[in-house]
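Asks: give me the fold of what follows.
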Amino acid sequence: MNVSALARQLKVTVSELLEKLPELGFDVGARAIKIDDKLVPKIIEAWRRADRKESFKKELSQIEERGREKNDEKTVVEKQISVGETIVVKDMAELMKLPVARLMGELMKNGIMVSLNEKVDFDTATIIAEDLGFKVVKTDHEALEEISKKARLAELLTERTATITKPPVVVVMGHVDHGKTKLLDAIRSTNVVDQEAGGITQHIGAYQVETKGKLITFLDTPGHEAFKAMRSRGGQIADIAILVVAADDGLQPQTLESISVIQKESLSFIVAINKIDKEGADPDRIKQQLTELNLTPEDWGGKTVTCLISAKQKQGISELLDLVLLIADMENLRADTEGSAIGTIIESHIDKSAGPVTTVLVQAGTLRVGDMFIVGEVPGKIKTLQNWMAKDVAAATPGMPVKILGLKLSPAVGEILQVISDKKQFKDKLKNLSHRGHTSNNNVKQSEDEDRADVTVLNLIIKSDVLGSAEAIEEALSKIKVSDTKVKVIKKGLGQITDADILQAEATGAMVIGFHIKENKSLISLIDQKGVIVLYFDIIYKLLEHIEETLQNIRGKKTIHKFIGRMEVLAIFKTTKKGMIVGGKVIEGKITKNAKIKVLKSGEVETIGQLINLQAGKENVSEVISGTQAGIEYHGDPIIAVGDTLEFFEEIYE
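Replies: Down below sits the predicted model:
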């Protein structure tokens, strides 16, 4: 038979056929034109069997296995690095903590001649890293964007000449309910706690206080796990951190995460051991826990600065502020007040009467009323500046947080604000800006991976009072793990829910979530008409719990193979077109009547069949246990041979 004719019959190309035949055990030659007719049926059968095997592999990869003993398996802990589209060789060596020469040598072995300052692409980095025992994961787009913003800000600030000593920017971090906001209350003699839903800080805030004739800027960051993104942002723009730990509770998950952020940002920090007035308070226990993390307190012979306080009783506050000023003096924090202002957006929301309102922390230059600026893709001219007490000010210098009125749109949190004093340059930049797809109006979350057909997707539209909350909610939602489901935020924005949101929700089958916003009662009739689900929340815990419950209810049924037992085939008694009768010994678990059977050859599943009848000692039985010989009637592809392994399982759905 001609090779081309056989290829047509198998629906493959000639080259694919000749390439695969040796793998199937048929060595006909790489340039064969004809194949012995006696071999053709065998080739066709082997080819179809290989196709079935691939099909089973694909099918089984989507099925959860349960009940199998895995005592002989060893857990391998892989070293892992994150790489973007490209990476500089010396940066890659630093990530792997290897000498640059070692990495360059490995690159040369693979025929890649680069210098330590040149870049390699992601695929090349993956191959080389794997050869060196590392797993490579691709850095996500948001992380790359955040790194890019930080690098850009650092570059802008490096170009400036420091002229004055600036107030230290202090970020207050720690676990939920350990007293961060109470501490700030004690410092600035106000009561913010009562204004927060459930007593939990859900926005980032910036405040300034004066002590001993010097200003200190405080950033209050939320403590709940959902607000990791906001805490991280606080770390990126701060000079000093205060880590608040409750003396009666110890180091908790968000405490450890805050320590990670502090260390990542190389911040000087003070551990404020709070609630020392409470029964059960044990500051020494906290210090011991810190020591276990290689953060030995100064009074225990280490370098970690600690301070005992009671925010509620206002004990130790003065000493804490003194420590902040001392560290600030040691850090010699300076900034440039001349020239155009540069700052970072730390909050953004829409005010009913004032429109878009943004809080910016000035980091260089002096920001003045009337200044023209660009922040991300949002242009503006400052109409009003307000300090943290909502009082109008004419200018803001480095280290000062101010609210800006006069924007056309709400910029993204974390964006860099740049004042442009030259009118022509400002107009040129305006021409180049495009507001399509802007964060606040059309923040569509695109999935990097293609949607799997077996995954149930819950589409969401999120509207919140401030961008920081929407950002935190989105990150928290991404952590909800319900098998065979995923959450997709198709839009997030600021302000009230609108009729456009309802119509988009109807078109996409989305649920609409309002967070920290008032219900738009004028939409009730449209919501009922379109059958859209609209929910309002003030506390993020409740929102997350509801979404998780929804995912549990909508998830698709999952196929599970529950392992029952294993048999070694010792004899073949009968073979038909639709099945076989074989005998063997149960070597693990047991065999139960009506189980399904996987036929394994060399440890790989070749096909799946059904157990029709089970015998032991020539009698029909419902169960045979390990160590016993049995005969089975098998319905399925008749390929079982002596020496094969049969695995018996129960197929269930959840």
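Asks: ranges for the strands of the stretch 451-600 of the chain?
Replies: Using DSSP state E, counting those that start in this stretch, the strands assigned to the stretch 451-600 of the chain run over residues 456-464, 485-494, 511-515, 534-537, 559-575, 579-592, 596-601.
Asks: ok, and for the next helix-or-strand element following the last one, which residues are buried?
Replies: Counting by DSSP states H and E, the element after strand 596-601 in chain order, helix or strand, is strand 604-616. Buried residues in strand 604-616, counting neighbours by 16 or more other CB atoms under 10 Å, are found at Val605, Glu606, Thr607, Ile608, Gly609, Leu611, Leu614, Gln615, Ala616. C-beta: built from backbone N, CA, C; applies to glycine.
Asks: pairing partners for strand 604-616, with directions?
Replies: strand 596-601 (antiparallel), strand 619-620 (antiparallel), strand 629-635 (antiparallel) (DSSP bridges).
Asks: can the ones you listed go into CSV with extra columns for distance to Gly316?
Replies: Below are these laid out as CSV (distance: least, CB to CB, whole Å):
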stretch, distance to Gly316
strand 596-601, 67
strand 619-620, 81
strand 629-635, 76
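Asks: could you dump these to TSV with mean pLDDT?
Replies: Rendered in TSV, the data for the strands paired with strand 604-616 read as follows (pLDDT from 0 to 100):
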stretch	mean pLDDT
strand 596-601	90
strand 619-620	88
strand 629-635	93
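Asks: Throw those into TSV and include mean neighbour count and distance to Lys109, thanks.
Replies: Below are these laid out as TSV (neighbours: other CB atoms under 10 Å; distance: least, CB to CB, whole Å):
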stretch	mean neighbour count	distance to Lys109
strand 596-601	19	37
strand 619-620	8	64
strand 629-635	19	51
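Asks: returning to what we had before: and the strands of the stretch 451-600 of the chain, which is most packed in?
Replies: strand 511-515 (a mean of 23; mean count of other CB atoms under 10 Å).
Asks: within its sheet, name the partner strands of it and how each one runs.
Replies: Using DSSP bridges, the strands paired with strand 511-515 are strand 456-464 (parallel), strand 534-537 (parallel).
Asks: need the contact partners of the last one.
Replies: If I follow you right, that is strand 534-537. With CB atoms under 8 Å, 6 or more residues apart in numbering as the test, strand 534-537 has contacts from 497, 502, 505, 511-517, 519, 523, 527, 543, 546.
Asks: name the nearest of those relative to Lys403.
Replies: Of all those, Lys403 sits closest to His516, with 17.7 Å by CB to CB.
Asks: surely the closest one meets Ala470?
Replies: No: counting by CB atoms under 8 Å, His516 does not reach Ala470; the two are 9.7 Å apart.
Asks: which neighbours do the two share?
Replies: The contact sets of His516 and Ala470 overlap at Ser464 (CB under 8 Å, 6+ apart).
Asks: those two: who's more crowded?
Replies: For His516 and Ala470, the more surrounded residue by other CB atoms under 10 Å is Ala470, and the numbers stand at 25 against 19.
Asks: that one and Glu45, how far apart?
Replies: From Ala470 over to Glu45 the distance is 59 Å, taken as CB to CB, to the nearest Å.
Asks: repeat for Cys307
Replies: Cys307 sits 79 Å away from Glu45, taking CB to CB as the criterion.
Asks: same question for Thr498.
Replies: Note on Thr498: its distance to Glu45, by CB to CB, is 64 Å.
Asks: Phe537 too?
Replies: 61 Å.
Asks: got any ranges where the stretch 251-400 of the chain has weak pLDDT?
Replies: 350-355, 377 (pLDDT under 70).
Asks: quick one: the helices in it?
Replies: Counting by DSSP state H, counting those that start in this stretch, the stretch 251-400 of the chain has helices at residues 253-264, 283-292, 317-331.
Asks: in contact with His622, which residues?
Replies: Quick fix: residue 622 is Ser, not His. With contacts taken as CB under 8 Å, 6+ apart, Ser622 has the following neighbours: Thr592, Lys593, Leu614.
Asks: got phi/psi on the closest residue to Gln315 other than its chain neighbours?
Replies: Residue nearest to Gln315 in three dimensions, not counting chain neighbours: Ile309, with 6.0 Å by CB to CB, 6 or more residues apart in numbering. Phi and psi for Ile309, reported as degrees, to the nearest 10, are phi -140, psi 160.
Asks: Ile309: how many residues sit nearby?
Replies: The local packing count at Ile309 equals 27, with neighbours defined by other CB under 10 Å.
Asks: a markdown table for the helices of the stretch 251-400 of the chain, including distance to Gly213 and mean neighbour count?
Replies: Formatted as a markdown table, the entries for the helices of the stretch 251-400 of the chain read as follows, by distance: least, CB to CB, whole Å; neighbours: other CB atoms under 10 Å:
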| stretch | distance to Gly213 | mean neighbour count |
| --- | --- | --- |
| helix 253-264 | 28 | 18 |
| helix 283-292 | 31 | 17 |
| helix 317-331 | 10 | 16 |
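Asks: what is the nearest of the contacts of strand 534-537 to Met330?
Replies: Proximity of the contacts of strand 534-537 to Met330, judged by CB to CB, is greatest for His516, which lies at 39.6 Å.
Asks: in the stretch 251-400 of the chain, which spans are strands?
Replies: The residue ranges that make up the strands of the stretch 251-400 of the chain, judged by DSSP E, counting those that start in this stretch, are 268-274, 305-308, 334-335, 342-351, 355-364, 367-368, 372-375, 378-386, 392-393, 395-396.
Asks: closest one to Asp422 among these?
Replies: Distance to Asp422, taken as CB to CB, is lowest for strand 372-375 among the strands of the stretch 251-400 of the chain, at 8.9 Å.
Asks: dump that closest one to PDB, keeping only the CA atoms.
Replies: Included here for strand 372-375 are C-alpha records, laid out as PDB according to Å, rounded to 0.1, in the frame of the first residue of the first chain:
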ATOM      1  CA  MET A 372      -1.500  72.400  35.000                       C
ATOM      2  CA  PHE A 373      -0.800  68.700  35.400                       C
ATOM      3  CA  ILE A 374      -1.000  65.200  33.800                       C
ATOM      4  CA  VAL A 375      -1.600  62.100  35.900                       C
END
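Asks: what packs against that strand?
Replies: Where contact means 3 or more CB pairs under 8 Å, 6 or more residues apart in numbering; DSSP states H and E, strand 372-375 is packed against strand 378-386, strand 416-419, helix 423-432.
Asks: so which of the buried residues of strand 604-616 comes closest to Gly280?
Replies: Out of these, the one with the shortest distance to Gly280 is Val605. That distance is 57.1 Å, counting by CB to CB.
Asks: Ile632 is in contact with Gln610, isn't it?
Replies: No: under the contact definition of CB under 8 Å, Ile632 does not touch Gln610, with a separation of 10.3 Å.
Asks: overlap of the contact sets of these two?
Replies: Residues touching both Ile632 and Gln610 (CB under 8 Å, 6+ apart): Ile597.
Asks: before we move on, back to that, dump the helices of the stretch 251-400 of the chain to a markdown table, plus distance to Asp392.
Replies: Below are these laid out as a markdown table (distance: least, CB to CB, whole Å):
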| stretch | distance to Asp392 |
| --- | --- |
| helix 253-264 | 34 |
| helix 283-292 | 43 |
| helix 317-331 | 27 |
